[in-house]
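> Got a sequence here, can you model it:
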Amino acid sequence: IIGNIILNGKGAAKGTDDTLTTHAHGIYLDDNSSNVEILNNSIAHCGESGIFIHDSHNLKITNNTLFDNAIALQLNQDVTATEAFIRNNNLKRNIFFAKNDLQMTSVLKSLYNDINQFGNFDSNFYCRPLSEKTIISTAYTNQGYTSSVGLNLNDWRSFYTQDIASKASPHQFPAYTINNLVGSNLFVNGAFNTNINGIGKWSATNNCNLIWVNNKLDNGSLQISFTPPVVNNRSVIVSLNVGTIQSDKKYLLNFSLLGSKLNRSITIYLRNNNDPYNDLSIRKYCKLSTIRTENELLFSLPYATANASIILEVNEMDSTLWMDNVKFQEAEISLTNPDKYMRFEYNATANIKTIALDQDYEDLFGKIYSGNLTLQPFTSAMLVKANLQVLPLSFLSFTVQPADQKVKLDWEKPFEAGTRIFEIERSSTGVEFKLLGKVLPALNGTYSFLENTPLSGENYYRIKEFTKDGSFFCSKTILVNRGISTSLNIYPNPTPAI
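Residues are numbered from 1 along each chain as shown. Model (predicted):
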């Protein structure tokens, strides 16, 4: 399958029992396909997968560009016959590019814990400029239970030792801007000050424990734990009732989260509490960390319901975790138009094609195009606007926690060659900030800073990132007050000097 331009596999979900998925794929290799080469294809705007590999093996998938598909690359192994297992596949030098933050760069599923045997992945691009947090999803089944995990590129490398030379997006753009919050919190007991009313659960063996605990996060919080024996990859469902939601509205979910294990994630989505009890949103992932994280997820829905719940799918092996400050609120949102920042061009003819460019663009390899772009027959190019002052890669996490009489700041941010230094700042008012210290960029993207002399009363902390061209960008601001930590988002970001 060589040199094809494949576009607009939209599908038709309406009238089916799954209105969130269209099952339209660009290239689909079905049961026991083998010894197939997929080379130099351009696949865009498909309702589900750009390339879907189903129970196939000995494939060579090279130099393909996949753009604006619900899932760029999907590999699904759901047979028990060993001759049809997904094995000995080589996937190299492909571009898996998600246009918006709802799309995934790759999804890998199996009936067994064998995803690391699917093949060799390397020198690919996994790009989702509107959010790099969970761009890859893996799921495998054990003892009848399936657990899904959302990963960024670094997680994928670490867990499966794949894509060592692969790269993420060269630039990051904000997915949306919050214009206004409307009404009140639809989960009215989100502070958990005295109880955990409004919470439900389902567990296959009734070994999930939901209790109220004091002072683990901010005053009271929800604790989720499990009574042994626990089963790996068996999930429980924790539900938070939010009542009536509308199809023409957007909703923000904010919450604080603390785990007791690293490298785990929970799945979050909205579900109808009435018959047919269907999903109302796509499923999103939130990483667990042994340090507190502040999280925000945006949901928009295909239709309304009078009885909805936020669903948390938690794996029994996640051990104990805590949740607090849950807010589910209607929001007036301006979504970022991806077409302002990226451009996919293709040539579906047998002749050389020249395309006029309105400004400078660069490809994922850093080559700049000015004035025009020339494409050979049946090829394509994935471009991002050049010379823009845009947000650097977003902070994957930023937490601030009291530590005895000190305050510890931890943050995680993918390494960028253009970063010169991080400055840690503190304020007593949230307006005028004082420099506390400086940290040089690290290849592993993980940072810590200990403040030895915090103020009595309110302490506002932020990280300021300086780039080599003299620009700087600010993280969100976090308030610490006598052991209580809350998050305050500062807009706009980048934030001008104060």
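> Count the residues that sit near residue 437.
13 (other CB atoms under 10 Å). C-beta here means a position set from N, CA and C on the backbone, and glycine is covered the same way.
> That one bridge partners, please.
Beta bridges link residue 437 to residue 424 when assigned by DSSP bridges.
> Skipping its backbone neighbours, what lies nearest the residue of the chain most remote from its centre in space?
Centroid-distance maximum for the chain: residue 351 at 39.4 Å, with CA atoms, centre = their mean. Nearest residue to residue 351 in three dimensions, chain neighbours excluded: residue 377, at 6.3 Å (CB to CB, 6 or more residues apart in numbering).
> low-scoring stretches of this protein, by residue?
20, 142-147, 233, 263, 387-394, 417, 430-432, 469-472, 482-498 (pLDDT under 70).
> tell me the secondary structure for the residue farthest from the centre of the chain?
The local conformation at residue 351, judged by DSSP: H, G, I helix; E, B strand; the rest coil, is coil.
> contacts for stretch 103-118?
49, 68-80, 85-87, 89, 96-98, 126-128, 135-142, 160-162 (CB atoms under 8 Å, 6 or more residues apart in numbering).
> gap between it and the chain center?
Averaging C-alpha positions (CA atoms, centre = their mean, to the nearest Å) puts stretch 103-118 17 Å from its chain's average.
> Likewise for stretch 312-328?
17 Å.
> Flag every buried residue along it.
By neighbour count on 16 or more other CB atoms under 10 Å, the buried set for stretch 312-328 is 312-319, 321-328.
> what about that stretch, start to end distance?
14 Å (CA to CA, to the nearest Å).
> Please apply the same query to stretch 125-134.
Length of stretch 125-134, first residue to last, CA to CA: 15 Å.
> same check, this time on stretch 289-305
End-to-end span of stretch 289-305 (CA to CA): 33 Å.
> which parts of it are buried?
Buried residues in stretch 289-305 (16+ other CB under 10 Å): 289, 291-295, 297-299, 301, 305.
> Show me those residues that map onto helices.
Counting by DSSP state H, no part of the buried residues of stretch 289-305 is found in helices.
> Widest-spaced pair of these?
Greatest spatial distance among the buried residues of stretch 289-305 (CB to CB): 291 and 305, at 35.7 Å.
> Put together CSV for the buried residues of stretch 289-305, with distance to residue 448 on each row.
Shown next, in CSV, are those (distance: CB to CB, whole Å):
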residue, distance to residue 448
289, 13
291, 9
292, 14
293, 15
294, 17
295, 20
297, 26
298, 29
299, 33
301, 39
305, 44
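> of all these, which comes closest to residue 360?
Closest to residue 360, out of all of the buried residues of stretch 289-305 and judged by CB to CB, is residue 298, at 30.9 Å.
> and that closest one, what is it in contact with?
By CB under 8 Å, 6+ apart, the contact set of residue 298 is 101, 175-176, 250-253, 331, 333.
> Out of the buried residues of stretch 312-328, which two are the most distant from each other?
Once CB to CB is applied, the buried residues of stretch 312-328 give 317 and 327 as the farthest pair, at 28.3 Å.
> And the helices in the protein, which stretches?
Going by DSSP H, the chain shows helices at 153-160.
> State which strand of it is the longest.
strand 321-335 (DSSP state E).
> Show me what it is packed against.
When contacts are defined as 3 or more CB pairs under 8 Å, 6 or more residues apart in numbering; DSSP states H and E, strand 321-335 packs onto strand 176-182, strand 208-217, strand 219-226, strand 235-245, strand 250-259, strand 305-315.
> just how off-centre is the second one within its chain?
In terms of CA atoms, centre = their mean, the centre of strand 208-217 is found 27 Å from the chain centre.
> Likewise for the fifth one?
Taking the mean C-alpha point of strand 250-259 and that of its whole chain, the gap between them comes to 14 Å (CA atoms, centre = their mean).
> Could the C-alpha coordinates of it be exported in PDB?
What follows is strand 250-259, C-alpha atoms only, in PDB (Å, rounded to 0.1, in the frame of the first residue of the first chain):
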ATOM      1  CA  LYS A 250     -19.300  23.200  27.700                       C
ATOM      2  CA  TYR A 251     -18.300  22.100  31.200                       C
ATOM      3  CA  LEU A 252     -15.100  22.300  33.100                       C
ATOM      4  CA  LEU A 253     -14.100  19.600  35.700                       C
ATOM      5  CA  ASN A 254     -11.500  20.700  38.200                       C
ATOM      6  CA  PHE A 255     -10.100  18.600  41.100                       C
ATOM      7  CA  SER A 256      -7.100  18.000  43.300                       C
ATOM      8  CA  LEU A 257      -5.700  14.500  43.200                       C
ATOM      9  CA  LEU A 258      -3.100  12.600  45.300                       C
ATOM     10  CA  GLY A 259      -2.000   9.000  44.700                       C
END
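> strand partners of that strand, parallel vs antiparallel please.
Strand 250-259 is paired, per DSSP bridges, with strand 293-300 (antiparallel), strand 321-335 (antiparallel).
> do the last one as well
Within its sheet, and counting by DSSP bridges, strand 305-315 is paired with strand 235-245 (antiparallel), strand 264-272 (antiparallel).
> Tabulate the helices and strands packed on strand 321-335 in JSON lines, adding columns for distance to residue 437.
Formatted as JSON lines, these follow (distance: least, CB to CB, whole Å):
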{"stretch": "strand 176-182", "distance to residue 437": "31"}
{"stretch": "strand 208-217", "distance to residue 437": "26"}
{"stretch": "strand 219-226", "distance to residue 437": "31"}
{"stretch": "strand 235-245", "distance to residue 437": "39"}
{"stretch": "strand 250-259", "distance to residue 437": "25"}
{"stretch": "strand 305-315", "distance to residue 437": "37"}
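> looking at these, which is closest to residue 396?
strand 250-259 (13.5 Å).
> Specify the angle between that closest one and strand 208-217 in degrees.
Orientation of strand 250-259 against strand 208-217 (axes from the mean of the first three to the mean of the last three CA atoms, to 10 degrees) gives an angle of 90 degrees.
> what comes up buried for strand 250-259?
Buried residues in strand 250-259 (16+ other CB under 10 Å): 250-259.
> Next: stretch 171-186.
Buried-residue list, stretch 171-186, by 16+ other CB under 10 Å: 171-176, 185-186.
> and which of those residues is nearest to residue 442?
residue 172 (18.2 Å).
> Does the residue farthest from the centre of the chain touch residue 379 like I think?
No. Counting by CB atoms under 8 Å, residue 351 sits too far from residue 379 to count as a contact (11.8 Å).
> burial of residue 39, as a residue count?
Using other CB under 10 Å, residue 39 has 15 neighbouring residues.
> ok so, going back, could you tell me how far the residue farthest from the centre of the chain is located from residue 80?
Residue 351 is 49 Å from residue 80, where distance means CB to CB, to the nearest Å.
> And residue 331, by the same measure?
The value you get for residue 331 to residue 80, if CB to CB is used, is 46 Å.
> now residue 416
Taking CB to CB, one finds residue 416 at 45 Å from residue 80.
> Kindly report the same for residue 128.
Residue 128 is 33 Å from residue 80, by CB to CB.
> what about the two, which has more around it?
Taking neighbours as other CB under 10 Å, residue 128 and residue 80 compare with residue 128 leading, 27 against 9.
> and the spatially closest residue to the more buried one that is not a sequence neighbour, how many neighbours?
Once flanking residues are discounted, residue 128 sits nearest to residue 98: 3.9 Å by CB to CB, 6+ apart. Using other CB under 10 Å, residue 98 has 27 neighbouring residues.
> just checking, residue 98 touches residue 66?
No. Taking contacts as CB under 8 Å, residue 98 lies outside contact range of residue 66: 9.1 Å.
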